[in-house]
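Novice: Give me the fold of what follows.
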Amino acid sequence: MSKFFSIIASLFVLFQMHGCATGSQIIMEEPQPEKSLLVGAILLENNGVEDVFESKTANIRVVVVGKSSIDGREEGYRVKTDENGYFMIPNVPPGAYVIKGIEVDLGYETRLLLTSRWEGNIQLYYPIDTIIDYTVRLWPESTDEKIINLQINYFSIDQAFRAIHRRFENLNNTSLLLMDKSYTMENPETYFKIRYPHSNWF
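Specialist: Residues are numbered from 1 along each chain as shown. Sure thing, here's the model as predicted:
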């Protein structure tokens, strides 16, 4: 019976999440008063799942959870990365935001759900079989900035499904775990500023 209630609770969380960009095409909205633009990027290296060694950026579903600095309300968002690994969510309340997990296709037929938990002050990512919830135990510092930048979030998954997570401001011909690959990625704020030069966000 407890498994049944767990499934129902997971579905309830899913329906509470806001779909901000269901496809890989991202639509820039102009700023609303007292709102922020949240930006970030995902780079994932498959380090051996199904004996595949490759990197992925496009069409990764990102689960972001936010806590408003105005009224303390928590909101969940699901958004897909574009072809270069970047995502944005326009007109979110100022506050604190966490990447709770990601959903990505790996290898030939593996659908990976990676969620996170906290050990002390450290956020650790690990695979799960069910829907990613939006429980956050430790919030980062809240911000009232016009642009909230979650940086480039790098994940590496090995054949034992162990996850490594690091964060970068940018990458400049940088090699990570896959020895035959290197990456150049702009900081997410710079990326969207270049892509949308006439937007009033910048």
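Novice: Could you measure from the most centrally placed residue in the chain over to residue 144?
Specialist: The centroid of the chain falls nearest to residue 62 when counting by C-alpha atoms, centre = their mean (3.8 Å). Residue 62 sits at a distance of 23 Å from residue 144 (criterion: C-beta to C-beta, to the nearest Å). Quick note: C-beta positions are derived from backbone N, CA and C, even for glycine.
Novice: And residue 66, by the same measure?
Specialist: Applying C-beta to C-beta, the value for residue 66 to residue 144 is 13 Å.
Novice: the more surrounded of these two?
Specialist: Counting neighbours by other C-beta atoms under 10 Å for residue 66 and for residue 144 shows that residue 66 has the greater number, 26 against 12.
Novice: for the more buried one, what are its contacts?
Specialist: Listed by C-beta atoms under 8 Å, 6 or more residues apart in numbering, the contact partners of residue 66 are 38, 74-77, 92-93, 95-98.
Novice: Kindly write the ChimeraX command that selects the buried subset of those.
Specialist: Only the buried entries of these go into this ChimeraX selection, using 16 or more other C-beta atoms under 10 Å:
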select :38,75,76,77,92,93,95,96,97,98
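Novice: how far away is residue 139 from residue 117?
Specialist: Distance, residue 139 to residue 117, by C-beta to C-beta: 14 Å.
Novice: oh, I was asking about residue 67
Specialist: Residue 67 is 17 Å from residue 117, by C-beta to C-beta.
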